[in-house]
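Q: Okay, sequence plus prediction incoming.
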Amino acid sequence: MNDRMLNDLKEFCRPDCDRYDFLINWLTKEEITHSVIPTGEARHILIRLDKVRPYLKRYYVKTLVAHYDRVSGTPGANDNSAAVMQLLHSISMLKNLKFAHNIQIILTDKEEISPEMSVTNQGAFQLARLFREKSISNCIFFVFDMCGIGDTLIYGQTGLQLLKSKEEKDRRYSPIVKHMELFSNVLSNLFLEFRSGEFFNINLLFSDDLGLLLNRYPSVQLSVLPYDEAIIAKSRLIARKEEQWQYIYDKGMLSPEYQDFIERNIPPSWKNNHSGEDKVETLTDSAFHLIEEFIMELAGFQIPFGDVET
């Protein structure tokens with residue numbers, strides 16, 4: 001990362017930083033058009049980039065999401081300041097592209113909810129519900145979370161598994177299961193074009209994609225890990241027997257059993273999350289180069305509107 005981004009990160013991770021004010025001031029200073037979408041106590045920041053290059057209506061609007069809130073008392077460097085800065089600093093590159101990229105950015109609030117709270121308290125859940133009320137159907141969501149350490153892009157299929165488990169009890173989830181399966185196929189093509197298949201479908205965690213999925217929006221969480229940690233995580237998942245997976249799915253993705261499973265299998269680079277050790281010094285340049293390259297790849301990858309129904 002360059003010096004400017006590093007300075008922004010350090011300021012954003014200061015204990016006394018008002019992160020909402022920081023973002024509004026940053027966008028205003030850079031003369032980047034933005035709007036604030038309040039939902040309950042949350043304040044989400046929408047950045048549309050269609051004034052320079054109008055969006056093409058025959059393609060989905062690719063919505064890049066990163067939550068800017070953090071666990072109280074922590075620097076929140078990898079969770080999730082890195083992704084916020086990666087998206088902010090991609091704006092100038094996106095604006096300079098000579099083609100319509102169909103990308104917008106949303107910086108979300110209230111992703112970090114306490115264990116006793118319902119997912120309906122999540123800022124992204126409330127935002128997605130608002131989108132539903134406004135009949136917004138042309139968005140596909142890429143949620144960037146924990147993107148500051150490593151050199152290997154990973155994503156997950158836990159969202160699809162969650163929806164399938166819900167479908168067994170409620171057939172109303174059948175359409176979104178079908179849509180997520182189609183979206184997964186589209187993503188496979190994208191990732192195969194990016195770095196010739198050097199990616200891993202192994203992410204077990206949820207972020208804002210949870211609230212979006214439950215409101216029937218195709219969504220995927222993207223994260224970064226060191227290659228050796230990604231390899232180990234993949235081998236552990238492959239080694240699990242089908243009945244072990246079935247037990248976890250039957251208990252539910254929000255169950256204590258699932259949380260215990262996550263705790264026992266979380267990669268080392270993520271163990272500092274939600275702690276005072278989640279510092280800027282733990283971040284790696286390789287992760288920032290990777291995300292920059294991926295966003296540029298994503299900009300040129302269009303998804304025809306209607307291929308993934310919502």
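A: Structure's in. What do you need? Numbers count the residues shown, from 1 in each chain.

Q: Any idea how many residues pack against F261?
A: Applying other C-beta atoms under 10 Å, we find 19 residues neighbouring F261. All C-beta spots, glycine's among them, are computed from the backbone N, C-alpha and C.

Q: Let me know the helix or strand that it is in.
A: helix 256-265 (DSSP states H and E).

Q: quick check: mean pLDDT across that helix?
A: The pLDDT scores in helix 256-265 average 80.

Q: Show me what it is packed up against.
A: Helix 256-265 sits against helix 242-251, with contacts defined as 3 or more C-beta pairs under 8 Å, 6 or more residues apart in numbering; DSSP states H and E.

Q: and the lengthiest helix in the chain, how far out from the chain's middle?
A: As assigned by DSSP state H, the longest helix anywhere in the chain is helix 174-193. Its chain's average C-alpha position is 16 Å from that of helix 174-193, according to C-alpha atoms, centre = their mean, to the nearest Å.

Q: tell me which residues in that helix are buried?
A: I176, V177, H179, M180, F183, S184, V186, L187, F191 (16 or more other C-beta atoms under 10 Å).

Q: Just name the closest of these to L225, please.
A: Nearest to L225, judged by C-beta to C-beta, of these is F191 at 14.7 Å.

Q: Verify the stated contact: the closest one with L153.
A: Yes - using C-beta atoms under 8 Å, F191 is in contact with L153, at 7.4 Å.

Q: pLDDT below threshold where in the stretch 201-310 of the chain?
A: Within the stretch 201-310 of the chain, the ranges that satisfy pLDDT under 70 run 241-243, 245-246, 249, 252-254, 306-310.

Q: can you pull out the strands in it?
A: Using DSSP state E, counting those that start in this stretch, the strands of the stretch 201-310 of the chain run over 219-225.

Q: could you show me where the helices are in it, in order?
A: 209-214, 227-239, 242-251, 256-265, 285-299 (DSSP state H, counting those that start in this stretch).

Q: Need the winner for burial among those.
A: Among the helices of the stretch 201-310 of the chain, helix 209-214 has the highest mean neighbour count (mean count of other C-beta atoms under 10 Å), at a mean of 26.

Q: Mind listing residues that contact that helix?
A: Helix 209-214 is touched from outside by 65, 119, 122-128, 141, 143, 159, 162-163, 176, 180, 219-221, with contacts defined as C-beta atoms under 8 Å, 6 or more residues apart in numbering.

Q: okay, that helix in CSV with CA atoms only?
A: Only the C-alpha atoms of helix 209-214 are listed here, as CSV (Å, rounded to 0.1, in the frame of the first residue of the first chain):
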residue,chain,number,x,y,z
ASP,A,209,-23.7,-11.2,3.4
LEU,A,210,-25.9,-12.9,6.0
GLY,A,211,-28.4,-10.0,6.2
LEU,A,212,-28.4,-9.7,2.4
LEU,A,213,-28.9,-13.4,1.8
LEU,A,214,-31.8,-13.6,4.2
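
Q: if we can go back for a sec, can I get the buried residues of helix 174-193 in CSV including pLDDT?
A: Shown next, in CSV, are the buried residues of helix 174-193 (pLDDT from 0 to 100):
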residue, pLDDT
I176, 84
V177, 87
H179, 83
M180, 87
F183, 85
S184, 84
V186, 84
L187, 84
F191, 85
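
Q: Put together JSON lines for those, with distance to I266 on each row.
A: Shown next, in JSON lines, are the buried residues of helix 174-193 (distance: C-beta to C-beta, whole Å):
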{"residue": "I176", "distance to I266": "28"}
{"residue": "V177", "distance to I266": "27"}
{"residue": "H179", "distance to I266": "29"}
{"residue": "M180", "distance to I266": "24"}
{"residue": "F183", "distance to I266": "26"}
{"residue": "S184", "distance to I266": "23"}
{"residue": "V186", "distance to I266": "28"}
{"residue": "L187", "distance to I266": "23"}
{"residue": "F191", "distance to I266": "23"}
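
Q: Tell me which residue is most central in this structure.
A: The geometric centre of the chain, computed from its C-alpha atoms, lies nearest to V143 (C-alpha atoms, centre = their mean), at 1.6 Å.

Q: Distance check, that residue against E111.
A: Using C-beta to C-beta, to the nearest Å, V143 is found at 9 Å from E111.

Q: Need the overlap of contacts for these two.
A: S207, D208.
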